[in-house]
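Participant: Need a 3D model of the following:
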Amino acid sequence: MTVLIIAEHDNAKLNPATLHAVTAAQKLGEVHVLVAGNGAAAVADQAKQVAGVAKVLLADAAHYAESLPEEVAPLVVKLAGDYSHIGATATAFGKNLLPRVAALLDCSQVSDLTEVVDAQTFVRPIYAGNAFATVNSSESKLVLTFRATAFDAAATAGGNAAVETVEATAQQGLSRFVGRELTKSDRPELTQAKIIVSGGRALANAEQFNSVLTPLADKLGAAIGASRAAVDAGYAPNDYQVGQTGKVVAPELYIAVGISGAIQHIAGMQDSKVIVAINKDPEAPIFNVADYGLVADLFTAVPELVEAL
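Facilitator: Okay, the predicted model is just below:
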């Protein structure tokens, strides 16, 4: 069996999230990677060096520049005949593109996989991560998205795949790229960070969210996250949100400050290697998943922790 992984990139660099999908796909068969972009030869060069990749397909055209699913999906469908499985990481990119691919191919999609049992059997979370379902499909072609935190990233060196240029599909013109607003930060990207400091509603306002969490994150070299409640209240931007409807993370260390531990939030961080919770409510659900818990006023405990570090 051969698997096609759709690479996520910015036409200059391969997104590290794709490396997790490559690892997952190796359990299914030979791995090919599709790089669809505009002037994306550098991305193809990076992809061919990834361990476990047997071939890189490069499609270069102006209408692939922004990875619009309406433009990339027909290309994937055109190439799909050679593959038993088509996949990507379950990021916003993968979630945006692959349902359209599955619909055009009239085949099933199995989403947010955490384990590959065999070519037809997979494990995925349900009920906000409170249970895991084993799914089996007898279809000859499947579309899959892989949860990045469930699979190790493939090595970025050691591969020597061939790069093959494929013909671009015609421009569809069904959508138009208008603009992109990105948060610029010197901190690690949330889904790739080894340490995350997250804040919740207990921080009371945006000013205190920043004044309490920023010194701790600076000391630890950590990314900053937030619960949905904190984001909804305007304490933090949307791209800070950790949870079922935000980003799913699994850092080496996750520090939850003033987060009660709603199911939605826990679903996005419960795979963290070490979880530390600081909350003044001893009955807060976050303590049920925490490796270390401190029942204390965060406005006292966090500055003391920063001073001790």
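Participant: Now the residue lying closest to Ala284 once chain neighbours are set aside: which helix or strand?
Facilitator: Excluding its sequence neighbours, the residue lying closest to Ala284 (CB to CB, 6 or more residues apart in numbering) is Ser260, at 4.9 Å. Placement of C-beta: from N, CA and C, glycine included. Ser260 belongs to no helix or strand when elements are defined using DSSP states H and E.
Participant: before we move on, what about the one 4 residues further on?
Facilitator: With elements delineated by DSSP H and E, Gln264 resides in helix 263-269, which encompasses its position.
Participant: Over to Val110?
Facilitator: strand 109-113.
Participant: Given that strand, what are its sheet partners and their directions?
Facilitator: Looking at strand 109-113 with DSSP bridges, its partner strands are strand 142-146 (parallel).
Participant: List the buried residues of the helix or strand that the strand it pairs with is followed by.
Facilitator: The helix or strand immediately downstream of strand 142-146 is strand 162-165, counting by DSSP H and E. For strand 162-165, burial by neighbour count (16 or more other CB atoms under 10 Å) applies to no residue.
Participant: what do you get for stretch 274-283?
Facilitator: For stretch 274-283, by 16+ other CB under 10 Å, it's Ile275, Val276, Ala277, Ile278, Asn279.
Participant: For the residue nearest to Ala217 when sequence neighbours are not counted, give the beta-bridge partners.
Facilitator: Nearest residue to Ala217, sequence neighbours excluded (CB to CB, 6+ apart): Val197, at 4.6 Å. Per DSSP bridges, the residues bridged to Val197 are Ile224, Ile255.
Participant: which residues touch Ile5?
Facilitator: Shown in contact with Ile5 (CB atoms under 8 Å, 6 or more residues apart in numbering): Thr18, Ala21, Val22, Ala25, Val31, His32, Val33, Leu34, Gly87, Ala88.
Participant: go with 6 Å
Facilitator: Contacts of Ile5 were listed using CB atoms under 6 Å, 6 or more residues apart in numbering, and they are Ala21, Val22, Ala25, Val33, Gly87.
Participant: With Val116 instead?
Facilitator: Ala24, Lys27, Phe122.
Participant: Mind checking the pLDDT average for the strand holding Val110?
Facilitator: For strand 109-113, mean pLDDT is 94.
Participant: Show residues contacting that strand.
Facilitator: Contact with strand 109-113 is made by Ala90, Ala102, Phe122, Arg124, Val135, Val143, Leu144, Thr145, Phe146, Arg147, as judged by CB under 6 Å, 6+ apart.
Participant: neighbours around Leu105, how many?
Facilitator: When neighbours are defined as other CB atoms under 10 Å, Leu105 has 19 of them.
Participant: and what of Asp232?
Facilitator: Using other CB under 10 Å, the number of residues around Asp232 comes to 13.
Participant: start at 45 instead
Facilitator: All right, first residue 45 from here; so that's Asp276.
Participant: And the pLDDT for it?
Facilitator: pLDDT recorded at Asp276 is 94.
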